[in-house]
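S.K.: Prediction below, plus the sequence it came from.
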Amino acid sequence: MTTLLCNARLIDPEAGTDSIGAVLIHGAEISAVLTDVSEIEGARARAAHILDCGGKCLAPGIVDLGVKVCEPGERHKESFGSAGLAAAAGGVTTIITRPDTLPAIDTPETLEFIRRRANEAAPVHVLPMAALTKGREGREMTEIGFLLDAGAVAFSDCDHVVRDTKVLSRALTYARSLGALVVGHPQEPTLSAGAAVTSGKFASLRGLPAVSPMAERMGMDRDIALLEMTGARYHADQITTARALPALERARRNGLDITAGASIHHLTLNELDVADYRTFFKLKPPLRSEDDRLAVVEALASGLIDTLSSMHTPQDEESKRLPYEEAASGAVGLETLLPAALRLVHAGHLDLPALFRALSLNPAKRLGLPCGRLSKGAPADLVLFDPDTPFIMDRYTLRSKSRNTPFDGQRMQGRVLATYVSGQQVYGRE
């Protein structure tokens, strides 16, 4: 069966182009990307189904690296079913799940459970990361080879930083021998323990426990030193401070196999948004200063930071309706990732091809996936969206089981109109 999506504004992150054209889908793949009028007319005659996109934007589906789905252990916060629906509504066609579940995803059996549940319940692609150390306790590395064979796409202890440098160096050496990607969380764990906000005048005025941005720089320096020693493949999950960027730049210049990501919340919000102890703005790492935010935005625009993700972390009302110090960290982001990211476009920091390079192409390339592209032979994982539609975010309309979004009540611009996974429409706005 062939479907023609015509009269679309094609956002191609690989070519860096933004042009009017059409995409022909055959089965689960893109069979042609057309910009010539005569070719489009010929495709109309061949297509079984034709959809006029009305000049709206058509781009590769988002590959969201670092999503927490709370199965097993906390299914009341998020399930694969609810996360899959939220992803589809947000234009996310592939979610890369974190292993910080209860229990942690640290054995092939647990990983197989995750894959089976995801295939049954989620309408989008779900690819799991596995823990780097058993129980994410930093004492003994997991069976990386067996977990790779079971389908793990990367290895991470998430926000549980491996404190023992010898354990981490052995894990990196073993991962390198197998070509496995390690995803790190650059933080000095002793300095950042118990912190709720970033240190500075605002933290002092609020009387909240704080962490210096230097903790991220120190964690980054340590991990880079170990990469020099082991030669492993490494991805920093979240860079949030200007102080960490020179170290990343030096590592790149020295030829280390390192990439880095940023979360949408750290790129669009700053420490002042916490205001009077608003716990939906409590994140890990905490929100930074406006200078840090702008520095990281600039690093994303220049390509120093490669990927942009939601770092989707569901927390129930009971976990968030607590004093700020005691409240759980994290925010949901699958449905808000694209409209929030479009703030960077509307503000002139990025154009749409550059945005989708960070949202789709770069995470797919880093994980060795064929998606994230708008080209012949690529999977027909696509998002159709209007970048200009304004709306007020209402958290009660979110499809996630948890609704802890810091964007509740905010004016946003940009709506997903339809999402396609393997050529099949999995979401459509009525």
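M.R.: Great, that's in hand.
S.K.: Export stretch 362-382 to CSV, keeping only CA atoms.
M.R.: Only the C-alpha atoms of stretch 362-382 are listed here, as CSV (Å, rounded to 0.1, in the frame of the first residue of the first chain):
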residue,chain,number,x,y,z
ASN,A,362,21.6,12.9,16.0
PRO,A,363,20.1,10.6,18.6
ALA,A,364,19.3,8.1,15.9
LYS,A,365,22.9,8.3,14.5
ARG,A,366,24.4,7.9,18.0
LEU,A,367,22.5,4.8,18.7
GLY,A,368,23.0,3.4,15.2
LEU,A,369,19.3,3.5,14.2
PRO,A,370,18.0,4.0,10.6
CYS,A,371,15.3,6.5,11.7
GLY,A,372,15.6,10.2,12.1
ARG,A,373,15.9,10.9,8.4
LEU,A,374,13.7,12.2,5.6
SER,A,375,15.2,10.2,2.8
LYS,A,376,14.4,7.2,0.5
GLY,A,377,14.7,3.9,2.3
ALA,A,378,14.4,5.4,5.8
PRO,A,379,11.6,4.1,8.1
ALA,A,380,8.3,6.0,7.6
ASP,A,381,8.4,7.4,11.1
LEU,A,382,7.1,11.0,10.6
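S.K.: Tell me the buried residues in that stretch?
M.R.: Within stretch 362-382, the residues that count as buried by 16 or more other Cβ atoms under 10 Å are 362-367, 369, 371-374, 378-382. Backbone N, C-alpha and C define where each C-beta goes, glycine included.
S.K.: go on, stretch 313-331?
M.R.: 313, 314, 315, 316, 319, 320, 324, 327, 328, 329, 330, 331.
S.K.: mind checking pLDDT for the fifth one?
M.R.: In other words, residue 319. What the model reports as pLDDT for residue 319 is 95.
S.K.: My understanding was that it contacts residue 327; is that so?
M.R.: Yes. If you go by Cβ atoms under 8 Å, residue 319 and residue 327 touch, sitting 6.7 Å apart.
S.K.: Report the residue spans of the protein with pLDDT below the cut-off.
M.R.: Applying pLDDT under 70 to the chain flags residues 430.
S.K.: rerun at 50
M.R.: Scanning the chain for pLDDT under 50 picks out nothing.
S.K.: Spatially central residue in it, please.
M.R.: Geometric centre of the chain, nearest residue: residue 309, 2.4 Å, by Cα atoms, centre = their mean.
S.K.: Relative to residue 127, how far out is that one?
M.R.: Here residue 309 is placed at a distance of 13 Å from residue 127 (Cβ to Cβ, to the nearest Å).
S.K.: among the buried residues of stretch 362-382, which are in strands?
M.R.: Of the buried residues of stretch 362-382, the ones assigned to strands by DSSP state E are residue 382.
S.K.: of all the buried residues of stretch 362-382, which two lie farthest apart?
M.R.: Farthest-apart pair in those is 366 and 380; separation 21.4 Å (Cβ to Cβ).
S.K.: Residue 118 against residue 81, yeah?
M.R.: No. Using Cβ under 8 Å, residue 118 makes no contact with residue 81, being 9.6 Å away.
S.K.: of the two, who's got more company?
M.R.: Neighbours per residue (other Cβ atoms under 10 Å) separate residue 118 from residue 81, with residue 118 holding more: 22 against 19.
S.K.: how far away is that one from residue 379?
M.R.: Residue 118 is 17 Å from residue 379, by Cβ to Cβ.
S.K.: Heading C-terminal from the longest helix that the chain contains, find the next helix or strand.
M.R.: When the chain is scanned for its longest helix (criterion: DSSP state H), the result is helix 214-230. Next along the chain after helix 214-230, taking DSSP states H and E as the criterion, comes strand 233-236.
S.K.: Show me what that following strand is packed up against.
M.R.: The helices and strands touching strand 233-236, judged by 3 or more Cβ pairs under 8 Å, 6 or more residues apart in numbering; DSSP states H and E, are helix 165-178, strand 181-184, helix 214-230, strand 258-263.
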